[in-house]
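Student: Mind looking at a prediction? Sequence and model below.
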Amino acid sequence: MPFQSLNIIEPILKSIKQEGYEIPTPIQKEAIPIVLRGTDLLGCAQTGTGKTAAFAIPILQLLHATKTYDRKRKIRSLIITPTRELAIQINESFKAYGRFTGLTSTVIYGGVNQNPQTATLQKGVDILVATPGRLLDLMNQGFISLHDIEIFVLDEADCMLDMGFIHDIKRIIAALPHKRQSLFFSATMPAEIIKLANTILHQPSRVEITPSATPVDIIKQYVYFVDNGNKTALLIDVLRDKDIKTALVFTRTKHGADKVVKILEKNKISAEAIHGNKSQNARQRALANFKEQTTRVLVATDIAARGIDIDEMEFVINFEISNIAETYVHRIGRTGRAGAKGTAYSFCDAEEKAYLRDIEKLIGKKIPVIDDHPFPLIDHNPVKKAKQQRNNSPRQHRNTNESSSDVNSNKKKWFVKTTAGAR
């Protein structure tokens, strides 16, 4: 089914074609007609399914149909999202699909000087993409009024709750007009999310998209057992593989991310960190360098990685395993986007074996172990500090059929872009 069958207007179809997309993804096929009817929507969909376009395209069409020519445009659509990176990418999507509509959009987020943002707002925009904190701040200063909002979108609602934004969201909702169309998206639908959705939506249509293949199914996953003190040496060894053109590396802490970058740079491997202590400009520069492959390794914390959506990124490395099993799935989901190939490596020390067992229980499968590497796990006692020791056997990175549980017991687009997907 091509996009024309969804009754999308020519200016937007032209933009979609220029972006290289021809066939809508499942969530787009279901959600776009619902939104165009003016109905509220409850959408349950993972990132990487084409969700952003599923609301951006119909919003642009609805606003274009009732376009005003006032000297100063009023904000008619508001999209709230939890992270700066995701907000920026959503705004880029609105600009791409709306380039021939005459509609304007902008994005606001914290961590940068507000003056350029307020200057744009004072000129007037049709569509505003925002993170909760900066939105409330500029509302309190009188730069933003939500009185004219016609379409409201709450994106990544489950992440909002995880990050503690629930009270901010309730304050924003209270400032919205009662008469509006609301779209609510979340990757998961626990009781808390349903309760929040019920306060926002009025007689919504529900769209739930279960990917035909989850990240767990389509991504090759491997685990290395290694002493904590040898992880950086193992990372350098793994990155000797020239097939790894770029890699996203996860650490648990900001300090850990900076430490890994420092060691990689010392070994002449270009790397940058992205985390909450970095300025927004530094984060955006690091992300841009990584996309352009001028930076080979991007080291990130979990929160900072939300919104990283890079086509054809094949490798994720869990330098430290998360103590939350669900986070593992989110991490490896940064690769294998829209069905593309991807590989995830996890470095597991003695203390992290319990986390690995939780992950394997969640995903319902054992992760294959790579045991032919120069830095095998020696210190099985997590209390003692691991010795720096190197195995002199040749490095083959052979994937054995031995599972992690065996080791423990032995001592433990969606748009279709021809064939590719897009956000």
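Tutor: Nice, I can see it.
Student: Distance-wise, check the residue lying closest to residue 165 once chain neighbours are set aside relative to residue 248.
Tutor: Counting by Cβ to Cβ, 6 or more residues apart in numbering, residue 165 lies nearest to residue 132, which is 4.9 Å off, once chain neighbours are set aside. Where C-beta positions appear, they are placed from N, C-alpha and C, glycine not excepted. Distance of residue 132 to residue 248, given as Cβ to Cβ, to the nearest Å: 26 Å.
Student: related to what we said a few turns ago, can you give me the neighbour number for the residue nearest to residue 165?
Tutor: Look at residue 132: counted by other Cβ atoms under 10 Å, it has 23 neighbours.
Student: confidence score at it?
Tutor: Looking at residue 132, its pLDDT is 95.
Student: So for stretch 228-247, mean pLDDT?
Tutor: 95.
Student: what residues does stretch 161-172 touch?
Tutor: Here stretch 161-172 makes contact (Cβ atoms under 8 Å, 6 or more residues apart in numbering) with 80, 82, 132-133, 135-136, 146, 154, 160, 192-193, 196, 199, 303.
Student: And these, which is closest to residue 173?
Tutor: Within these, proximity to residue 173 (Cβ to Cβ) peaks at residue 199, which comes in at 6.9 Å.
Student: my read: the residue nearest to residue 165 touches residue 80, true?
Tutor: Yes: if you go by Cβ atoms under 8 Å, residue 132 and residue 80 touch, sitting 6.1 Å apart.
Student: So for the two, which residues contact both of them?
Tutor: Counting by Cβ under 8 Å, 6+ apart, the residues touching both residue 132 and residue 80 are 160, 169, 172.
Student: List phi and psi for the second one.
Tutor: What it means is residue 169. Main-chain dihedrals, residue 169, degrees, to the nearest 10: phi -60, psi -40.
Student: what about it, how many neighbours?
Tutor: If you count neighbours by other Cβ under 10 Å, residue 169 ends up with 20.
Student: what do you get for the first one?
Tutor: By the measure other Cβ under 10 Å, the count of residues near residue 160 is 23.
Student: Ok, the last one next?
Tutor: The burial metric for residue 172, expressed as a neighbour count using other Cβ under 10 Å, is 20.
Student: What of the one 3 residues further on?
Tutor: As a burial measure, the neighbour count of residue 175 was computed by other Cβ under 10 Å and equals 15.
Student: tell me the contacts of the nearest residue to it once chain neighbours are set aside?
Tutor: Counting by Cβ to Cβ, 6+ apart, residue 175 lies nearest to residue 146, which is 4.8 Å off, once chain neighbours are set aside. Shown in contact with residue 146 (Cβ under 8 Å, 6+ apart): 75, 78, 139, 172, 175-177.
Student: so where is the stretch 151-300 of the chain shaky, pLDDT-wise?
Tutor: Along the stretch 151-300 of the chain, segments meeting pLDDT under 70 span 210-215.
Student: mind listing the strands for it?
Tutor: Here the stretch 151-300 of the chain has its strands, by DSSP state E, counting those that start in this stretch, at 151-154, 181-186, 205-208, 219-225, 247-250, 271-274, 297-300.
Student: Relative to residue 316, which of these is closest?
Tutor: Nearest to residue 316, of these and by Cβ to Cβ, is strand 247-250 at 5.0 Å.
Student: ok so, going back, quick one, which of the strands of the stretch 151-300 of the chain is nearest to residue 371?
Tutor: The nearest among these, by Cβ to Cβ, is strand 219-225 at 7.2 Å.
Student: and the closest one, what other elements does it pack with?
Tutor: strand 342-348, strand 368-370, helix 404-409 (3 or more Cβ pairs under 8 Å, 6 or more residues apart in numbering; DSSP states H and E).
Student: which stretch in these has the least confidence?
Tutor: helix 404-409 (a mean of 38).
Student: Just grab the bridge partners of residue 207 for me.
Tutor: residue 43 (DSSP bridges).
Student: Closest one to residue 241 out of the contacts of residue 146, please.
Tutor: residue 78 (45.0 Å).
Student: Over to that closest one. Which of the three states is it?
Tutor: strand (DSSP: H, G, I helix; E, B strand; the rest coil).
Student: How is the protein partitioned into domains?
Tutor: Domain assignment for the chain, taken from automatic domain parsing, gives 3-208, 215-409.
Student: Would you check that residue 64 makes contact with residue 101?
Tutor: Yes: contact between residue 64 and residue 101 holds when scored by Cβ under 8 Å: they sit 4.7 Å apart.
Student: Between these two, which contacts overlap?
Tutor: By Cβ under 8 Å, 6+ apart, the residues touching both residue 64 and residue 101 are 11-12.
Student: was I right about residue 207 contacting residue 35?
Tutor: No: under the criterion of Cβ under 8 Å, residue 207 is not in contact with residue 35, lying 9.9 Å apart.
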